[in-house]
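Chemist: Predicted model follows, preceded by the sequence.
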Amino acid sequence: MMRKGLAGQRLVAVFIAGVLLLNFPLLSLFDRPLSLFGLPLLHVYLFAVWGGLIAAVGWIVERGAR
């Protein structure tokens with residue numbers, strides 16, 4: 001069984017990762033006139049990071065509930 005403190009620390013780590021991944025220097029790397037599957041690269045990056053952060057938070061919360 002995972003302690004609440006460990007889950008809280010992991011959620012804080014996901015938050016910090018989200019801030020860093022959605023910050024200007026990294027976003028500027030993907031702001032190129034390229035497309036992936038017909039979509040702009042920046043949009044693909046934003047939605048992939050957003051979905052990954054939601055999945056990570058869901059995994060941490062569900063793992064802590066068991």
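Modeler: Nice, thanks for sending it over. Being a predicted model, the structure only gives us computed values, none of them experimental.
Chemist: List the buried residues of stretch 47-66.
Modeler: Neighbour-count burial for stretch 47-66 flags 49, 53, 56, 60, 64 (criterion: 16 or more other C-beta atoms under 10 Å). Backbone N, C-alpha and C define where each C-beta goes, glycine included.
Chemist: Can you flag which of the residues you listed belong to helices?
Modeler: 49, 53, 56, 60, 64 (DSSP state H).
Chemist: Go through those and say which is closest to residue 40.
Modeler: residue 49 (14.4 Å; C-beta to C-beta).
Chemist: So residue 33 belongs to a helix, correct?
Modeler: No: assigned with DSSP: H, G, I helix; E, B strand; the rest coil, residue 33 falls outside any helix and is coil.
Chemist: Report the two of the ones in helices among the buried residues of stretch 47-66 separated the most.
Modeler: Top of the distance list for these (C-beta to C-beta): 49 and 64, 22.7 Å.
Chemist: Show me what residue 40 is bridged to.
Modeler: Beta bridges link residue 40 to residue 35 when assigned by DSSP bridges.
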